[in-house]
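Visitor: could you look at this predicted model? Sequence included:
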Amino acid sequence: MIKLFRKWLSGLFGKAFKGKNRIKLGLYGPPNGGKTTLANRVSLDWLGEEVGSVSEMAHETREIKIKESITIKNEEDGAEITFNLVDTPGIATKIDYEDFLKYGMKEKEAKERAKEATKGIIDSIKWLDDMDVVVVVLDSTVDPYSQVNITIIGNLAARDIPVLIVANKSDLKKSNIKKIEDAFPQYEVVGISAKLGKNMDAFYKKLFKLIK
Amino acid sequence: MSSKKLVLEFVQHSEIESLNTEERISKMLSLVKENKIVILEGRFRKQEEAELIQKTMESINSNFKGIEIAVINPTSENGTFFGRLRTALANLLLGDREGITLIGPATVIHEIKQDPTKLNQLSLDLQN
């Protein structure tokens, strides 16, 4: 009963102050798409500091990380937008601790990491409702026709959350941005290399268009 | 030479339509945990898919490592006007009954691949 009352109160006041809150921009996607690399790039470009560590191993980000008050400026008209950048753990439908053993982890450590990764995925999904705008970060060297991608994007559409798709890792030979555009024709897709900072201007332009 | 048995279970939409989200997910996950590949007539609602992933994560342990899932949806939206119209009509007439959902344990199915040019076909990479 108390829980229900609290939920009602938070809904009431949440709605009343929603207009005054800063935009929450979430980075979502499957593991290893480059969400944290992109978060670091955006944060470096505008704040001069990084958000979190990156690794080739999947599920490196296992908890939600927030970088507050990032203001980006549109050079064409001088307009500015400020948002809180929310870097989320990659969403997957399976976690096998044995995958972590391949990176030299001990069994106990690998099981602990798998447990943290499952919790991270649950948190990512729970946070979906809190997002105002989402950038879905996909690895453009990987087949985009996966149910996880479809589920993430479908869920955002069902919640009426504006979406921009980033086709990351465009610097790699196997990158295929066109395939991502074909897979999600209803959405804006921008090809970038977050690691090298390639095509970030186009990314910021599309972000402006999405938020305004 | 040892042989491995693969069990497929077909679930009609009528078996789940009266169930609430939690019951639907719980029914599917209990079948998958029995190492069965479930062929469900229709599909989950969009937000149920996210909840299915959430419940799957809560169930993961050293025996159950998660699921592989794919939806065959021949009328899925292709971005063109007629594509959107066709999808809207199919949704109106069939609702969640449209298409087929395949769910299997990750210990049995390594990957489900969908060829975008053949929307009525899935290929399953099984675990060794």
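Guide: Thanks, I have the structure now. Numbers count the residues shown, from 1 in each chain, chains lettered A, B, ... in the order given.

Visitor: so which residues on chain B come close to chain A?
Guide: Taking CB under 8 Å from any CB of the partner chain, the part of chain B that reaches chain A is made up of B:45-47, B:49-51, B:53-54, B:56-58, B:60, B:62, B:65-71, B:77-80, B:106, B:112-116. Where you see a C-beta, it was placed from the backbone N, CA and C, and this is true even at glycine.

Visitor: if any of those are buried, put those into a PyMOL selection.
Guide: Of these, the buried ones go into a single PyMOL selection, burial set by 16 or more other CB atoms under 10 Å in any protein chain shown:
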select buried, chain B and resi 46+47+49+50+51+53+54+56+57+60+65+66+67+68+69+70+71+77+106+112+114
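
Visitor: who are the packing partners of the lengthiest helix in chain A?
Guide: Longest among the helix segments of chain A by residue count, using DSSP state H, is helix A:107-127. Contact here means 3 or more CB pairs under 8 Å, 6 or more residues apart in numbering or on different chains; DSSP states H and E; on that basis helix A:107-127 packs against helix A:97-101, helix B:46-59.

Visitor: so what are the sheet partners of the helix or strand just after that helix and their directions?
Guide: Sequence order places strand A:133-139 as the next helix or strand after helix A:107-127, per DSSP states H and E. According to DSSP bridges, strand A:133-139 forms sheet pairs with strand A:23-28 (parallel), strand A:163-168 (parallel).

Visitor: please identify the most buried of those.
Guide: Mean neighbours per residue, mean count of other CB atoms under 10 Å in any protein chain shown, is largest over the strands paired with strand A:133-139 for strand A:163-168, with a mean of 26.

Visitor: so does the helix or strand following it get close to chain B?
Guide: Of the helices and strands lying after strand A:163-168 in sequence (DSSP H and E), the nearest is helix A:177-183. Yes: under the criterion of CB under 8 Å from any CB, chain B is reached by helix A:177-183 at A:182-183.

Visitor: so the following helix or strand past helix A:177-183, near chain B or not?
Guide: Following helix A:177-183 in sequence order, the next helix or strand is strand A:188-191 (DSSP H and E). No: for strand A:188-191, no contact with chain B is found by CB under 8 Å from any CB; the gap never falls below 11.7 Å.

Visitor: buried residues in strand A:188-191?
Guide: For strand A:188-191, using 16+ other CB under 10 Å, the buried residues are A:189-191.

Visitor: repeat for stretch A:69-82
Guide: Buried, per 16+ other CB under 10 Å, within stretch A:69-82: A:70, A:72, A:81.

Visitor: what lies in contact with that stretch?
Guide: A:22-23, A:42-43, A:45-47, A:83-85, A:204-205, A:207-208, A:211-212 (CB atoms under 8 Å, 6 or more residues apart in numbering or on different chains).

Visitor: for the strand or helix carrying residue A:151, what is the average pLDDT?
Guide: Per DSSP H and E: residue A:151 is located in helix A:147-158. The average of the pLDDT scores along helix A:147-158 is 92.

Visitor: if we can go back for a sec, got a winner among the contacts of stretch A:69-82 for most neighbours?
Guide: Highest neighbour count within the contacts of stretch A:69-82: residue A:42, with 25 neighbours (other CB atoms under 10 Å in any protein chain shown).

Visitor: gap between the residue positioned nearest the centre of chain A and residue A:133?
Guide: For chain A, the residue nearest the mean C-alpha position is residue A:27 (1.4 Å; CA atoms, centre = their mean). Residue A:27 sits at a distance of 10 Å from residue A:133 (criterion: CB to CB, to the nearest Å).
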